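Visitor: Got a predicted structure plus its sequence, pasted below:
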Amino acid sequence: MNPEILYQKDIDDVAYTVLDVETTGLSASYGRIIEFAGYRIERGEIVAEVKSFFNPGMRLDPFIIELTGIRDEDLEDAPFFEDNATEIMDLIEGSVIVGHNIQFDIKFLEAEFYRAGFESFRPLTFCTLRAAQRLFPQLKSKKLDSVRRHLQIPEGSAHRAYADALATAEIFLKVKEKLQKEYQLSRLQELLSFQYVPPREISRKFPMLLEGVGLEIPAIPDLPGNYWFLDGNDNIIYIGKSKSLKKRLSQHLTDNAAGKSKLILGTAVKLCYETTSTEVMALVKEALLIKKHRPQHNIMLKNYGNKFFIRVSLSHPFPRLEIVNRFDLDGNDYFGLFISRSKSEEILEIAEKSFQLRTCDDKEFSKGRVCFLATIGRCLAPCEITSENQKQIAKAYKAELKRFYDFMAGKNSDLVAQLIAKMSDYSANLKFELAAEVKRTVDLVLKQVYRSSLLREPVNRASVLISVSGEGGACDYFLLIEGKVYIRGLSTGGYDNFENALDDYFDGNKRLDLMPTDEDYERMRIILNWSVSNRDRVKIYYLPDFMSKEELYRKMSSDRFTGGEYREITGEIDISKLNLNL
C-alpha cells in the first residue's frame, strides 16, 4: 500500500507485524538469521504468525549459543531463510513492522530478503525502544526486560525470538493505548512521528489541555461523526470523520497541530461537525461528502476505488472461478467485494489448491486435453467426460463446487481438517516441500475466511438487512439486495428509499434500479469491511427467512437490535476566536 495513504489511516485500522530475530552475530553483511518470530496484529488481535529456526550454513559462535540457548543441532535440519522468505513477506505485507530496537532486525531482514531475490524491502517501522525512551524516562534501562517488568508483562524465555516477539507485542499494545488515550494520537503518521520527537520536547509538543485556546473540550461530543472546515467564502476545504469527534478535533485545534492541520487552519475560518450513531455511518457519509464537495485538502475518496469479485461461471456446465472488477445479473455468482486484486488472488489461490475445480478457460477446456493439475489430483478433469462417466463427474464436480461455497460462507473446519491431514501425510512420506505448501494454504484459509466470510451466499444473491448497534441505544440499518445498497436515513438524490426497497422486496415488485452503481460498490465495501472487523456490533438478517417486513421487524425487536431514531448533534466553531498561534 502507498505509504502516503497508510499514513492517514486511523491507528486502529492499520495492521502491525511485531517481530524479533536471533542472529549469528551483529553484522547483517556477514551474519545470518537463525530464528524468526513474527505476529501480525489487526485491531488488537493476533491474526497470523510465523515462527521458525533457520539454517545459517555456518557453525554458531559459543557466545551466541550461551546467549540464546540455540545449538547447532537445532539448526541442522532447519530450512534456509530463502525457503520461507515468501511466507514471511506475506505475513508482513501491508503492515507496519514493530520491534524493540527494530533497526537491528530490519537490517538483517533486508540482507536476507536480498539474498532470497527480493530487491526492495523498505517497510514502515515503529520502535518500542524509541517509544520507551520518550514515555518512560524514569527507567534507568529501556531494554526489553526492563520495559516488560515496568508494564507488568509476564516473563518469557530470554533471548528467544518467539518469547521476545510476544513480549514486544504486549508492550506495543500498551504503548499504543497510552499514546491514543494520553497523547491523543489517532493517525498512523502521528504514531510513527512520535518515536522521533526529541525526548526533551515531548512536554512542549503534546500539551494535552487546550489552555488559552478558548475552546472548551467537553463542548465537543465524544461520539463518532463527521466534521468539515470552511474558508472565508463558505467553501468546504477539508472533510474528515472520527470515532471520537472530541479527540480528533482536539488534535486539529492546538498550537502544536500536525503540518496538514496547520495548512488547513491557515485558511479556515469555521469548523462544523455532526455526530452519527455509528462509526460506519460516519465512514459512508465521509465518502459521500468528499465526492459531493471535492475539498482541496482531501486526497482520498474523491474518486471511486478499485473493486474486485470472484465470479463463478454458472453458465458453463463445469463452472470455473475468475477475478472480475464488477458483477452483472447474468446468472453467474459473484463473491466479494475485495478492495484489491491481491486479496481476491489470495482467495483464488486457496480455491485452486484446495478444491478440484478447473482453472482453464473455456477455449482450453473445449480441447478435451487433460492438464497437469488433473494428473496431480488438483482437478476432476471434466474435460475428459464421456457417456460412461458423465453422471459421476458431474456429481463430483457439483459437490466440489458446494465445498467452495461453504468455504466462502465461513464453513472452513472441514477444509482445514482435510488440508492438515494432507500435510501430515506429506510429512510422513518425507515430502516436506509439499507439506510446507499445504501449510501455507492452511494459514491463508485461517487468515482470509475471518475477513471475507460475513455473508453466507454470493453478493449478487444476498438479500440482507445489516443492523449495527450504535450510541445511545440507536442503530443504523443497511439493506443489501442483489448488490444494491440502501441506507435508512441517508437519502440518495434527496429521497430515502430504504423502506420502499424493503416493501418492494416483500411485495415481490421488481425495481427499475436493478444494476449496482459505483456508489453501491463503494458503500458495500465500506459496510462489509467495517462489519467484518466489528462483528460484535453487527447482526445480519436474511430477508428470505421472513414472510413479511413486520415479521422481520418483530425478530429484530426481540433481538434488541432495534433502537429509537438517532438525533444527531451538530455544532459550529468560529476558528478566528480561538487565538491559535499558527
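Guide: Great, that's in hand.
Visitor: Excluding covalently adjacent residues, which one is nearest to residue 144?
Guide: Spatial nearest neighbour of residue 144, chain neighbours left out: residue 100 (4.7 Å); criterion: C-beta to C-beta, 6 or more residues apart in numbering. Using the backbone N, CA and C atoms, a C-beta is placed for each residue, glycine as well.
Visitor: Could you do residue 72 as well?
Guide: Nearest non-adjacent residue to residue 72 (C-beta to C-beta, 6+ apart): residue 60, at 5.5 Å.
Visitor: roughly how far apart are that neighbour and residue 70?
Guide: According to C-beta to C-beta, to the nearest Å, residue 60 and residue 70 sit 7 Å apart.
Visitor: Residues that sit against both of these two, list them.
Guide: residue 34 (C-beta atoms under 8 Å, 6 or more residues apart in numbering).
Visitor: and the gap between the nearest residue to residue 83 once chain neighbours are set aside and residue 79?
Guide: The shortest distance from residue 83 to any non-neighbouring residue, by C-beta to C-beta, 6+ apart, is to residue 436 (7.6 Å). From residue 436 across to residue 79, the span is 8 Å (C-beta to C-beta).
Visitor: Now the common contact residues for those two.
Guide: Counting by C-beta under 8 Å, 6+ apart, no residue touches both residue 436 and residue 79.
Visitor: contacting residues for residue 460?
Guide: 327, 329, 332, 333, 334, 482, 483.
Visitor: Now list the buried members of these.
Guide: Among the contacts of residue 460, those that count as buried by neighbour count (16 or more other C-beta atoms under 10 Å) are 327, 332, 333, 334, 482, 483.
Visitor: hang on, the last one packs against residue 518?
Guide: The one in question is residue 483. No: between residue 483 and residue 518 there is no contact under C-beta atoms under 8 Å: 11.8 Å.
Visitor: neighbours around the residue nearest to residue 144, how many?
Guide: Per other C-beta atoms under 10 Å, the neighbour tally for residue 100 reads 26.
Visitor: Equivalent analysis for the one 3 residues further on, please.
Guide: Neighbouring residues of residue 103 were enumerated by other C-beta under 10 Å; the total is 12.
Visitor: any idea of the pLDDT on it?
Guide: pLDDT for residue 103: 93.
Visitor: again, but for residue 113
Guide: For residue 113, the predicted pLDDT is 92.
Visitor: That one: what's it in contact with?
Guide: The contact partners of residue 113, by C-beta under 8 Å, 6+ apart, come to 85, 89, 121.
Visitor: Just the buried subset of these, please.
Guide: 85, 121.
Visitor: now the contacts of residue 113 as TSV including pLDDT, secondary structure and distance to residue 184?
Guide: Shown next, in TSV, are the contacts of residue 113 (pLDDT from 0 to 100; DSSP: H, G, I helix; E, B strand; the rest coil; distance: C-beta to C-beta, whole Å):
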residue	pLDDT	secondary structure	distance to residue 184
85	92	helix	39
89	92	helix	34
121	84	coil	33
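Visitor: Kindly indicate which of the contacts of residue 113 lies nearest residue 380.
Guide: When those are ranked by distance to residue 380 (C-beta to C-beta), residue 89 comes first, at 32.5 Å.
Visitor: Verify the stated contact: residue 195 with residue 124.
Guide: No: counting by C-beta under 8 Å, residue 195 sits too far from residue 124 to count as a contact (11.3 Å).
Visitor: who touches both of these two?
Guide: Here residue 195 and residue 124 have no joint contacts, going by C-beta under 8 Å, 6+ apart.
Visitor: Shouldn't residue 18 be within a helix?
Guide: No: under DSSP: H, G, I helix; E, B strand; the rest coil, residue 18 sits outside any helix and is assigned strand.
Visitor: For beta bridges, what are the partners of it?
Guide: residue 39, residue 98 (DSSP bridges).
Visitor: And the one 5 residues further on, by the same measure?
Guide: On the basis of DSSP bridges, residue 23 is bridged to residue 33.
Visitor: roughly how far apart are it and residue 29?
Guide: Taking C-beta to C-beta, one finds residue 23 at 12 Å from residue 29.
Visitor: higher neighbour count, those two?
Guide: Each of residue 23 and residue 29 has its neighbours counted (other C-beta under 10 Å); residue 23 has more, 24 against 8.
Visitor: Correct me if wrong: the more buried one contacts residue 32.
Guide: Yes: counting by C-beta under 8 Å, residue 23 touches residue 32, with 6.6 Å between them.
Visitor: Please enumerate the shared neighbours of those two.
Guide: When contacts are counted by C-beta under 8 Å, 6+ apart, residue 23 and residue 32 are jointly contacted by residue 108.
Visitor: Tell me where the model's unsure across the stretch 101-250 of the chain.
Guide: Low-confidence segments of the stretch 101-250 of the chain, defined by pLDDT under 70: 156-159, 200, 202-219.
Visitor: swap that for the stretch 251-400 of the chain, please
Guide: Looking along the stretch 251-400 of the chain with the criterion set at pLDDT under 70, you get 254-259.
Visitor: So which residues of the stretch 201-350 of the chain form helices?
Guide: 202-205, 245-252, 259-265, 279-293, 341-354 (DSSP state H, counting those that start in this stretch).
Visitor: returning to what we had before: so what's the residue count around the residue nearest to residue 72?
Guide: Neighbours of residue 60 (other C-beta under 10 Å): 19.
Visitor: got it, and residue 512?
Guide: Applying other C-beta under 10 Å, I find that residue 512 has 6 neighbouring residues.
Visitor: The chain should start at 21 in everything you say after this.
Guide: Will do, 21 is the new start, and the previous item becomes residue 532.
Visitor: helix/strand/coil for it?
Guide: coil.
Visitor: quick one: it from residue 524, how far?
Guide: Counting by C-beta to C-beta, the gap from residue 532 to residue 524 is 10 Å.
Visitor: and what of residue 348?
Guide: Going from residue 348 to residue 524 by C-beta to C-beta gives 21 Å.
Visitor: what kind of secondary structure is residue 523 in?
Guide: helix.
Visitor: Report how many residues lie close to it.
Guide: Residue 523, neighbours per other C-beta under 10 Å, totals 13.
Visitor: ok, how many other residues are close to the nearest residue to residue 444 once chain neighbours are set aside?
Guide: Spatial nearest neighbour of residue 444, excluding adjacent residues (C-beta to C-beta, 6+ apart): residue 455 at 7.9 Å. Neighbour count of residue 455, defined by other C-beta under 10 Å: 18.
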